[in-house]
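> Pasting a predicted model and its sequence here:
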There are 2 protein chains.
Amino acid sequence: MIRHTVVFRLKHAPGSEEETAFLYDAMTILAAIPGVEKFEPLREVSPKNDYAFGFSMEFADQAAYDGYNGHPGHVAFVRDRWMNEVEDFLEIDYAPL
Amino acid sequence: MIRHTVVFRLKHAPGSEEETAFLYDAMTILAAIPGVEKFEPLREVSPKNDYAFGFSMEFADQAAYDGYNGHPGHVAFVRDRWMNEVEDFLEIDYAPL
């Protein structure tokens, strides 16, 4: 199991329609890609960092993760939305210890 | 629900006895503190950051999280072990969106 997480902050104003649209579209598009399990849209609530949201998802193995990364839906979302609307982000991936 | 996560890198050499001892002690001490649910020791596997391990745990609410933070076992572990053995870390906390 690989748990892929990304914590991020948007360029959009908090509570804006653009923020809602980005989160909704991300959830809809990314969670539907084959291999994605346990997709979770999350709010980052620690005051110890400057991120505001997170996504967490799991893959059965590296092949499933690679399939997600190369999927046209993911590639297009990163190119057309993520690169334009995300201010800052950090990817953290976990496997069982 | 609040999911508290911390991703970190140790001062110890990878595979060293000190590394194993730190991880084992952390798991044993922290997971036993009242209010801690779903404690997970994790290996950070993304090449896109410099962290090596992570812990994830959940709390029912802020009161449970506060109880953990102030618990003598947590306070002592942070003071005696975390501050001395951890090279770098980042805390990320999530709530459902």
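Looks like it came in fine.
> where's the spatially most central residue of chain A, which helix or strand?
Centroid-nearest residue in chain A, with CA atoms, centre = their mean: residue A:55, separated by 4.1 Å. In this structure, residue A:55 sits in strand A:53-59 according to DSSP states H and E.
> quick one: that strand to strand B:53-59, angle?
Put simply, strand A:53-59 runs at 110 degrees to strand B:53-59, going by axes from the mean of the first three to the mean of the last three CA atoms, to 10 degrees.
> Would you confirm that residue A:58 contacts residue A:1?
Yes: between residue A:58 and residue A:1 there is a contact under CB atoms under 8 Å: 5.8 Å. Every residue, glycine included, has its C-beta placed from N, CA and C.
> residues from chain A in reach of chain B?
Contact residues (CB under 8 Å from any CB of the partner chain) of chain A with chain B: A:2-4, A:7, A:23, A:40-46, A:48-49, A:51, A:53-54, A:56, A:90-97.
> Just those: which are in helices?
If you go by DSSP state H, the residues of chain A next to chain B have residue A:23 in helices.
> Just list whatever residues bridge to residue A:55.
Taking DSSP bridges as the rule, residue A:55 bridges to residue A:6, residue A:41.
> contact partners of stretch A:26-43?
Residues outside stretch A:26-43 that contact it (CB atoms under 8 Å, 6 or more residues apart in numbering or on different chains): A:23, A:52-60, A:64-65, A:67-68, A:71, A:73-74, A:77, A:81, B:3, B:94-97.
> can you give me the strands for chain A?
Ranges of strands within chain A are A:2-10, A:37-44, A:53-59, A:86-96, based on DSSP state E.
> Reformat these as TSV; add mean pLDDT.
Formatted as TSV, the strands of chain A follow (pLDDT from 0 to 100):
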stretch	mean pLDDT
strand A:2-10	98
strand A:37-44	98
strand A:53-59	98
strand A:86-96	98
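> CSV please, covering these and showing distance to residue A:18.
Output for the strands of chain A, formatted as CSV (distance: least, CB to CB, whole Å):
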stretch, distance to residue A:18
strand A:2-10, 8
strand A:37-44, 16
strand A:53-59, 13
strand A:86-96, 12
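> Verify the contact between the residue nearest to the centre of chain A and residue A:22 for me.
No: counting by CB under 8 Å, residue A:55 does not reach residue A:22; the two are 11.4 Å apart.
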